[in-house]
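>>> A structural model of the following input is requested.
(4 chains)
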4 protein chains.
Amino acid sequence: MTLPLYHTHARPGDLVQLLSTSHRFFLVRLTPDAVLHTHKGVIQHNDLIGLPWGSQVYSHLGASFYLLRPSLADLLKETRRNTQIMFPKDIGFVLVSLSIGPGQTVLEAGTGSGALTTALAFAVGPQGRVISYERRGEMQRLARKNLRRVGLDDRVTFKLRDIALGFDETDVDALFLDVPNPEDYIAQARAALKTGGFFGSLVPTTNQVSRLVVALQEHHFAFIEVCEVLLRYYKPVPERLRPTDRMVAHTGYLIFARPVVPAPPPAEQETAVPPSSQP
Amino acid sequence: MTLPLYHTHARPGDLVQLLSTSHRFFLVRLTPDAVLHTHKGVIQHNDLIGLPWGSQVYSHLGASFYLLRPSLADLLKETRRNTQIMFPKDIGFVLVSLSIGPGQTVLEAGTGSGALTTALAFAVGPQGRVISYERRGEMQRLARKNLRRVGLDDRVTFKLRDIALGFDETDVDALFLDVPNPEDYIAQARAALKTGGFFGSLVPTTNQVSRLVVALQEHHFAFIEVCEVLLRYYKPVPERLRPTDRMVAHTGYLIFARPVVPAPPPAEQETAVPPSSQP
Amino acid sequence: MTLPLYHTHARPGDLVQLLSTSHRFFLVRLTPDAVLHTHKGVIQHNDLIGLPWGSQVYSHLGASFYLLRPSLADLLKETRRNTQIMFPKDIGFVLVSLSIGPGQTVLEAGTGSGALTTALAFAVGPQGRVISYERRGEMQRLARKNLRRVGLDDRVTFKLRDIALGFDETDVDALFLDVPNPEDYIAQARAALKTGGFFGSLVPTTNQVSRLVVALQEHHFAFIEVCEVLLRYYKPVPERLRPTDRMVAHTGYLIFARPVVPAPPPAEQETAVPPSSQP
Amino acid sequence: MTLPLYHTHARPGDLVQLLSTSHRFFLVRLTPDAVLHTHKGVIQHNDLIGLPWGSQVYSHLGASFYLLRPSLADLLKETRRNTQIMFPKDIGFVLVSLSIGPGQTVLEAGTGSGALTTALAFAVGPQGRVISYERRGEMQRLARKNLRRVGLDDRVTFKLRDIALGFDETDVDALFLDVPNPEDYIAQARAALKTGGFFGSLVPTTNQVSRLVVALQEHHFAFIEVCEVLLRYYKPVPERLRPTDRMVAHTGYLIFARPVVPAPPPAEQETAVPPSSQP
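Okay, the predicted model is just below:
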């Protein structure tokens, strides 16, 4: 099953969110005769099927909800977790920086709860492929369940493996390491990536950043970039516009790099004749 | 022509970047017998064709470059412009928040120089469609040229039109307004979007944010979010890790919202019987 | 009574903080035979008097505290409030930007809970003077109590007055407005300040900033600056250095300006002879 | 000579700034018959003496300037330097966090170009004292000149010394280390500070932060805080309010700590009788 394109009205089998005005939401797959129990009353799936997206609906206790299709950001935030998961602000920048798009093959380790896995699977589309390594069976089961829930599991190959043993794949377009010690797996990452491919990682501490940069330099990665993405929300009140009082101050540092193939400079090469002077 | 998946070695027709160690780069499409003239010497395309991605090459003056495929972020930064263009940090968050993915139909106005258009076309893939409105012929020509250059123009329908006259399309999944006065086109945006669809916009000033939020509220958009994305780079020196001295402090405020269909509360509806009590 | 310079050991009458390892603290004035009741047990003042600053002490339940003199930042954070108070991060920048120092006369409205008043009184020293206006008697009483508690009340003149009626003072060095609608009192502020003096204000919303800047321009204030100060804490763990998870995202926008005396350009003045060519 | 309190009109001997509308400014001490040469023409000091502060004046070429007294922040920015100097945003927070005020004795190393020295001398007032260590004679001469220029040199004792040899002083209230390797001088800092005193430092890299925190912990400093202060300016245009395009992204990490005197818990002390149960 894949994530369907959505029609104008909710249909059986659609993954929907019921969003209260306090921005709390429920993520459910519409099933004839099923019932959603919320803390504010009960809603019948049958009453939702056939409604236009965006419809306001009420629980039997009169609590108001809107029927919406979840955005990718919503799916990510809703990932059931027993680990820290990546945030949409970081994932969006990773997708653009690693150039993740339809039809690609992407490698990831560790799977964790599957938030990044979800975004990668969404972005590579039905013709693409995500291969996700994890060494803890329990985590993999949770991630598999999360991916199945959002209908993206058939784009993902889950592998239960310590990546110290290496990846099975070679010549992949992009690889992301979300593990506590990425610096220990750079040789393995390099062996799996195309030369010139896209490497990314996220680590929470500055000490890890330093160690990872050292390892990347030792393994001939170039164009190393280290950055952090900060997201600041505003209260959407036109006459009193101002940022929210508090914000997430830190999720992690993002590191990007490209495996390159150094070559000796021309003076040391067989011929010193400038290319442009050749016949 | 569509953006090809890349092989392990550079082939004729590939869009490549030649990246110097100072991070300056050239974006060229490999063409047999063509010649690239850089400020640091000449490079023959023929010497690049057939090399593995990531190879280090030298100009006839001995200047070093790496042969890489450009990331989406690179393509965006390289957009030829005569307007302010959106930054990868904002575009990544827009893609995730508007849930832009393979196979979708997305509406955009104005086209501008085509940076966001490029990202949308990349993300919707060969089965998707981007429809981009612009009222200035000159801008449209530039954007069309930029899209053609990166091989994504066949996923885009360019329309020369003042959107005050409305959009031709209805029931689109997502719509992004990057115009100076988005508050003036919210009725038109609502008519084009599916109810429950994804609306986004970017404006540089707080005054525009206030006006846009008012207009969205008036046209029954809910779940309005206002935020800004900040990107902070670090100098990737392991023993002296620290942020760069200066950063981009502001590009714009992002606004997201969903067109909804309000309904009267149950007490005012035909039947006051709670749904869950029905047989 | 003024804030004393501190000796090496705690003496009767000293204002001290007892700081637990969880950074929670108690602010008390040492009084022979007095007793401090904490949620973690009882401490006798007599056991503190005579100890060197920084001493570790224990409650009768064995809970650990350190005996410290409070910093100005500690006093500010500890201000008893029934309003939002200014933060040390903002106050520090205000002191430096308004050039508040020993011996000066500074005007402030409104007094509020007295946090900024405390900092101003601290900075102007025993030879300086803070004149603080407030129109709510209840607030003034609280502020007066807060200032007395930290021993700085004798440097402050409290006035109960709506500043719409103007300030009594003229030719003051610096004036700070911390009121919801500073734009309504700019004429009054200008009348109280020396020309060329230092004006500052803090407002929480962007709309207020816009209105205040308009009013300042209308009343011949120049060199208007608008800024915000962000403070980001790190977890002080050497091997896992990283920012805290969350931070204060917004307290307010700071506005600074100088009242100036415009003069007609020389061409319109009596003599067009360049000053330097005169005998 | 000390920094005078300013009158309502400029007098001979006053330190003044002439500020152009582009915010560029000149800092001069008014001297009868002296002449200021700017890139936009000449101004006679005699034409300034006696003018009210804030007056608009013109050079002989008709360029407009305002006659203002410099703020502390202005003096700091104007420090002549051949080292990186501390920024007002950091200095303001240091003053408040270290509780620097009138009449205190403060220790600093290294002197550098004297920016922080200037702020400390300003804040401690004529009854206070700043003792500033520097091991490079050339730097000390520059700082001394900078302090003399702003009339604060008589509050400062300059010492030419490598602080590895220790400080002469003991029992000082506050000490700030602005040296590349503060972790190497924590024993010396502790010996100079009152127990319970205020320690501060600024370092640019995360690696230095980690090393400094280790050293502080080893030398019984507690309540260690690590933070960074970010300052973001806005363009003060009421109808188009927005942050400036670029900002300073990093100056340094601030570290604060207090030297404490650990004591064995009561169970290990001579008497285990709870203090409160004593007669």
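
>>> count of neighbours near A:Ile43?
The tally of other residues near A:Ile43 (other CB atoms under 10 Å in any protein chain shown) stands at 26. All C-beta spots, glycine's among them, are computed from the backbone N, C-alpha and C.

>>> Report the secondary structure state of it.
With DSSP: H, G, I helix; E, B strand; the rest coil as the basis, A:Ile43 sits in strand.

>>> List the contacts of the residue nearest to it when sequence neighbours are not counted.
Spatial nearest neighbour of A:Ile43, chain neighbours left out: A:Leu36 (4.6 Å); criterion: CB to CB, 6 or more residues apart in numbering or on different chains. Counting by CB atoms under 8 Å, 6 or more residues apart in numbering or on different chains, A:Leu36 makes contact with A:Leu18, A:Phe26, A:Val28, A:Val42, A:Ile43, A:Gln44, A:His45.

>>> so what's the second one closest to, chain neighbours aside?
Closest residue to A:Phe26 apart from its sequence neighbours, by CB to CB, 6+ apart: A:Leu18 at 4.6 Å.

>>> Spit out the contact partners of the one you found.
A:Phe25, A:Phe26, A:Val28, A:Leu36, A:Thr38, A:Ile43, A:Leu48, A:Val57, A:Phe65, A:Tyr66, A:Leu67, A:Leu68.

>>> again, but for A:Asp171
For A:Asp171, the contact set (CB under 8 Å, 6+ apart) comprises A:Leu193, A:Lys194, B:Thr8.

>>> Show me which of those is closest to D:Asn146.
Lowest distance from D:Asn146 to the contacts of A:Asp171 (CB to CB) belongs to A:Leu193, with 53.7 Å.

>>> Surely the closest one and A:Ala187 touch.
No: A:Leu193 is beyond contact range of A:Ala187, at 11.2 Å (criterion: CB atoms under 8 Å).

>>> The residue nearest to the spatial centre of chain A in helix, strand or coil?
Centrality entry for chain A: nearest residue to the mean C-alpha point is A:Leu116, 2.4 Å, by CA atoms, centre = their mean. Applying three-state DSSP to A:Leu116 yields a three-state assignment of helix.

>>> Spatially nearest residue to it (excluding sequence neighbours)?
Using CB to CB, 6+ apart and skipping residues adjacent in sequence, the residue nearest A:Leu116 is A:Met86, 4.9 Å away.

>>> Now name the helix or strand holding the one you found.
Using DSSP states H and E, A:Met86 maps to neither a helix nor a strand.

>>> circling back to that earlier point, the residue nearest to A:Phe26 falls within a strand, correct?
Yes: according to three-state DSSP, A:Leu18 belongs to a strand.

>>> picking that back up, more neighbours, A:Leu193 and A:Ala187?
More neighbours surround A:Leu193 than the other of A:Leu193 and A:Ala187, with 26 against 13 (other CB under 10 Å).

>>> which residues touch the more buried one?
With contact set as CB under 8 Å, 6+ apart, A:Leu193 has these partners: A:Leu107, A:Asp171, A:Val172, A:Ala174, A:Leu175, A:Phe199, A:Pro259.

>>> do you know how far the closest residue to the third one other than its chain neighbours is from chain B?
Going back to what we said before, that points to A:Val172. Sequence neighbours aside, A:Leu107 is the residue nearest to A:Val172 in space, at 4.8 Å (criterion: CB to CB, 6+ apart). When CB to the nearest CB, to the nearest Å is the yardstick, A:Leu107 and chain B sit 15 Å from each other.

>>> now A:Val203
From A:Val203 to chain B the distance is 12 Å (CB to the nearest CB).

>>> Is that residue in contact with A:Pro182, as I believe?
Yes: the pair A:Val203 / A:Pro182 is scored as a contact, 6.5 Å apart, by CB under 8 Å.

>>> Give the intersection of the neighbour lists for these two.
Common contacts of A:Val203 and A:Pro182 (CB under 8 Å, 6+ apart): A:Leu212, A:Ile255.

>>> right, and the residue nearest to the centre of chain A touches A:Leu177 too?
No: using CB under 8 Å, A:Leu116 is not in contact with A:Leu177, being 10.5 Å away.

>>> where do the contact lists of those two overlap?
By CB under 8 Å, 6+ apart, the residues touching both A:Leu116 and A:Leu177 are A:Glu108.

>>> Now do the biggest strand by length in chain A: distance to the chain's middle.
Among the segments of chain A that qualify as a strand by DSSP state E, the longest is strand A:221-235. Relative to the chain's own centre, strand A:221-235 is displaced by 15 Å; criterion: CA atoms, centre = their mean, to the nearest Å.

>>> anything in it sitting right up against chain C?
Yes: with CB under 8 Å from any CB of the partner chain as the measure, strand A:221-235 is seen reaching chain C through A:Arg232, A:Tyr233.

>>> is any part of that strand close to chain D?
No: under the criterion of CB under 8 Å from any CB, chain D is not reached by strand A:221-235; the shortest gap measures 10.0 Å.
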